[in-house]
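In: show me the folded form of this:
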Amino acid sequence: MQVIETNIPGLFEIMPQVFGDDRGYFFESYSKEAFAKFDVNFEFVQDNQSLSNKGVLRGLHFQNPPYAQGKLVRVIQGAVLDVVVDIRKGSPTYGKHHKVMLTGENKMMFWIPPGFAHGFLTLEDHTIFSYKCTHLYNKESEGSVLWNDPELAIDWNVEKPLLSPKDIDARPLSELNSQFRY
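Out: Got it, this is the predicted structure:
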């Protein structure tokens, strides 16, 4: 397993070792022991999966403390542009974002600790997105940041994505009173 540190502390891109032959492939998508080597020592308590067609944008979502979630995300089939924004007050990278391309072919994973707003844009039809969470979902603690907030300057490379009502009504980062601390 290759772990790639990003320009934002705490975020890791993870490339698993894939064993393939004419029958298909095998890889470990999670190993508590392997992840502990780079200080991901969380217990995962919920797995989620979504199916989306091309052009669907989900995010930028988070859960506030005490229900904050760390997420280990990956794509099983298809492709997404995965984006996170640092919303930890006091962080030298507060308001900065990081993007990574996750596909069923590259099998890359992305570790997102608590304190980040997360979203993704589906790049192919029938994309299956999977994520392990460190806390159970709690509706009362959910929050979001506007996906196209000019202050964030995220180039999603899409003009009119398919959005949920929650994502259409999200507020800009400047209106967020973040409960996360660096």
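
In: what's the offset of stretch 46-61 from the middle of its chain?
Out: 10 Å (C-alpha atoms, centre = their mean, to the nearest Å).

In: and H61, that one's in a helix?
Out: No - applying DSSP: H, G, I helix; E, B strand; the rest coil, one finds H61 to be strand, outside a helix.

In: how near is the closest residue to it other than its chain neighbours to K32?
Out: Excluding the flanking residues, the one nearest H61 by C-beta to C-beta, 6 or more residues apart in numbering is S144, at 5.2 Å. No exception for glycine: its C-beta is placed from N, CA and C like everyone else's. According to C-beta to C-beta, to the nearest Å, S144 stands 30 Å off from K32.

In: do the same with G24
Out: Going from G24 to K32 by C-beta to C-beta gives 25 Å.

In: okay, those two: which has more neighbours?
Out: K32 (11 against 7; other C-beta atoms under 10 Å).

In: phi, psi of that one?
Out: Dihedral angles of K32 (phi, psi; degrees, to the nearest 10) stand at phi -50, psi -40.

In: from here on, count from 24
Out: Sounds good: first residue 24 from here, last item K55.

In: and the next element down the chain from the worst-scoring helix or strand of the chain on mean pLDDT?
Out: Least confident helix or strand, the chain: helix 55-59 with a mean of 82, by mean pLDDT, DSSP states H and E. As assigned by DSSP states H and E, the chain's next helix or strand after helix 55-59 is strand 69-75.

In: name the helices or strands packed onto that next one?
Out: Strand 69-75 is packed against strand 150-156, with contacts defined by 3 or more C-beta pairs under 8 Å, 6 or more residues apart in numbering; DSSP states H and E.
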